[in-house]
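Trainee: Got a sequence here, can you build the structure:
(one chain, ligands or ions: 1)
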Amino acid sequence: MENERYKVLIVEDDKIDQMAYKRMIDTEKLPYEYTIAESVMEARSILGTQRFDIVITDYNLPDGTGLDVLGSIEKNTPAIFVTGTGDEEIAVKALKGGACDYLIKDPQHDHLKALPLTVQNAIKQKALKDMIERKQKNLEALFNAAPVGMLLLDENMMVKGVNDAFSKLSGNGHSSIIGHKICDALSCINSADNQKLRQDNHVCEVCPLVKTIKVVLDSEKPARKVEFQHTFEISGSETKLWLCMSVEPVVIDGRKHTVAAIEDITERKNAEQQLKETTEIKSQFVSTVSHELRTPLTCMKEAVGVIWDGAAGEVTDKQRHFLDIAKRNIDRLAVLINDVLDFQKLESGRMNLNMQLNDIGQVAKSVHDTMLLFAKKKGLDLSLELADNLPKAVFDSDKIVQVLINLISNAIKFTPEGGQVSVCVEYQCEELVIRIGDTGMGIPKEHLPKIFEQFYRVPRPGSEIPGTGLGLPIVNKIVALHSGRIEVESEVDRGSLFTVFLPLNLKSVPEVPQMETKQDSLLEGFLSSVTSTNKAN
Ligand code: ADP
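Mentor: The predicted structure is shown next:
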């Protein structure tokens with residue numbers, strides 16, 4: 001702006017004064033492109049066709065006063081008023097009439113020395129005012145167009161602003177909200193009960209919306225995402241809504257105000273509630289079905305065992321072959337049911353951990369000894385390596401046994417005859433590090449991110465290896481319950497390495513968050529596994 005030229009309109013009828021302006025502009029080389037008008041009428045006609053950066057007007061003009069000129073100036077053009085000595089009252093009037101500043105005339109024209117600075121200030125002031133107005137307008141636009149309900153309240157809880165979204169939400173028009181106390185403005189069902197309180201200038205005690213705003217106003221601290229239920233009376237009927245509100249303290253014209261953003265979250269809340277109920281029913285269903293399957297399965301297993309043993313009569317080799325198939329599938333079904341029950345318990349947060357001070361070396365050794373038989377049966381070498389410095393640690397021994405069994409049995413399952421499976425336990429950086437490695441078939445890279453998902457099994461065409469797809473999800477959840485983590489590295493046809501990290505200083509047992517949305521797939525996966533297990537031989 002500093003280097004710019006200003007378009008200036010000088011309204012002055014006195015020729016000597018006009019000369020004084022010209023002299024001042026020329027000698028000081030002021031960057032003004034000026035036009036002179038000698039009367040109100042002339043000024044009006046010039047102002048009607050041209051835009052000026054500033055208007056400087058004398059008070060006494062042949063056909064009126066400088067105040068008349070002010071009345072014809074476009075609202076945004078700054079004006080400087082020039083009055084005679086002793087005319088301060090007129091100067092005040094001029095300021096009230098929209099002038100930015102005034103100069104008191106001096107017979108020697110000394111007042112013009114202040115002209116450049118006064119003009120500069122008036123233009124700067126105007127630019128600032130424009131900017132503030134623009135910002136104000138933008139804020140107002142944001143306020144009005146916000147998709148959530150917006151309220152602006154003053155220090156007396158009087159509504160000063162409301163947007164369409166709030167008006168729609170509360171079922172009230174703008175005019176019945178603005179200018180009213182918040183309690184009256186809301187068509188709240190408690191309004192009638194609290195009429196007395198409101199008359200006494202209290203705020204409604206039962207209304208979380210009003211109470212929250214009041215607290216913010218008094219404390220001058222914001223409130224964020226307060227969720228509550230509010231019953232509005234919309235078109236004569238009660239409408240219960242779930243609302244989420246954030247309130248911000250603000251200062252407007254030196255006074256405390258609050259701005260509240262209110263969102264209708266009824267749909268989300270209802271959906272959450274519905275999901276919770278459905279999840280509960282499904283989880284109940286899965287566990288009931290699993291329990292109910294167990295009993296007949298045990299009976300079947302015993303019956304098949306009795307026949308197999310020959311206790312029910314002689315059994316031919318062919319019959320024994322089919323009995324073997326039946327036995328194998330009964331065992332698979334039993335494993336699946338146990339896995340589903342375990343996973344379901346872990347997922348719903350109903351798995352209680354028995355956290356005790358335990359010796360990981362001992363635990364690993366006992367699992368190793370148990371699994372040795374299976375490894376040998378498959379012609380595999382199963383080794384165990386325990387570091388010397390293993391400290392005792394707090395963990396649920398049964399659950400960590402389950403983790404080790406699942407990982408070692410996978411390693412055995414997915415490693416062909418002649419391969420090696422190794423278990424190694426170390427203590428590093430305040431963590432127990434358990435590594436289960438194998439020289440088996442490995443896991444293709446693209447499947448690695450999915451193997452911890454429930455019922456996910458890497459497709460292995462041509463070599464169908466039985467399993468439920470729940471082993472790793474169970475391992476993952478148990479490890480997470482111990483605040484630990486599990487990592488996997490694998491290379492196809494070279495082997496896999498699963499590493500479990502268990503923190504030693506477990507402060508508290510974290511709750512595993514419920515994965516509610518996964519219940520559907522748990523159910524589907526369970527049912528399809530039951531079906532495919534039954535079909536398989
Ligand atoms: P399951 O073993 O019952 O199929 P898991 O959840 O334990 O289910 O494992 C998921 C999948 O991850 C397995 O189907 C298998 O393809 C792959 N996997 C797990 N451990 C290994 C391993 N040690 N070597 C190769 N693949 C493995």
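Trainee: got the contact list for the closest residue to Asn358 other than its chain neighbours?
Mentor: Nearest non-adjacent residue to Asn358, counting by CB to CB, 6 or more residues apart in numbering: Ser397, 4.7 Å away. Backbone N, C-alpha and C define where each C-beta goes, glycine included. If you count contacts by CB atoms under 8 Å, 6 or more residues apart in numbering, Ser397 has them with 354, 356, 358, 363.
Trainee: now those in JSON lines, with distance to Gln108?
Mentor: Formatted as JSON lines, those follow (distance: CB to CB, whole Å):
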{"residue": "Asn354", "distance to Gln108": "101"}
{"residue": "Gln356", "distance to Gln108": "101"}
{"residue": "Asn358", "distance to Gln108": "102"}
{"residue": "Val363", "distance to Gln108": "105"}
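Trainee: out of the residues you listed, which are buried?
Mentor: Under a neighbour-count criterion of 16 or more other CB atoms under 10 Å, the subset of the contacts of Ser397 counted as buried comprises 358, 363.
Trainee: Among the contacts of Ser397, which are located in helices?
Mentor: Val363 (DSSP state H).
Trainee: out of the contacts of Ser397, who's nearest the ligand?
Mentor: Val363 (19.6 Å; CB to the nearest ligand atom).
Trainee: Using CSV, write down the CA coordinates of stretch 174-187.
Mentor: Listed next in CSV are the C-alpha coordinates belonging to stretch 174-187 (Å, rounded to 0.1, in the frame of the first residue of the first chain):
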residue,chain,number,x,y,z
HIS,A,174,-34.5,-19.0,14.5
SER,A,175,-36.7,-16.3,15.8
SER,A,176,-38.0,-18.4,18.7
ILE,A,177,-34.4,-19.2,19.7
ILE,A,178,-32.4,-15.9,19.1
GLY,A,179,-32.8,-13.3,21.9
HIS,A,180,-34.2,-15.9,24.4
LYS,A,181,-32.5,-17.5,27.3
ILE,A,182,-31.2,-20.9,26.4
CYS,A,183,-33.7,-22.7,28.7
ASP,A,184,-36.6,-21.0,26.9
ALA,A,185,-35.1,-21.3,23.5
LEU,A,186,-34.9,-25.1,23.7
SER,A,187,-38.2,-26.9,23.3
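Trainee: Show me where the stretch 101-250 of the chain has its strands.
Mentor: Applying DSSP state E, counting those that start in this stretch to the stretch 101-250 of the chain gives strands spanning 101-104, 149-153, 159-162, 223-234, 237-252.
Trainee: Of those strands, which stretch is the most buried?
Mentor: strand 149-153 (a mean of 23; mean count of other CB atoms under 10 Å).
Trainee: Past the strand or helix carrying Leu472, which element shows up next along the chain?
Mentor: Per DSSP states H and E: Leu472 is located in helix 471-481. Of the helices and strands lying after helix 471-481 in sequence (DSSP H and E), the nearest is strand 485-491.
Trainee: How about that next one, which residues are buried there?
Mentor: Here strand 485-491 shows 486, 488, 490 as buried, counting by 16+ other CB under 10 Å.
Trainee: And the first one, how close does it get to Phe414?
Mentor: To tie it back to what came earlier, the one meant is Ile486. Distance of Ile486 to Phe414, computed by CB to CB, to the nearest Å: 16 Å.
Trainee: Grab the nearest non-local neighbour of Gln319.
Mentor: With CB to CB, 6+ apart, the residue lying closest to Gln319 is Ile307, at 7.9 Å.
Trainee: cool, Asp53 as well?
Mentor: Asp53 sits nearest to Tyr6 (CB to CB, 6+ apart), 4.3 Å away.
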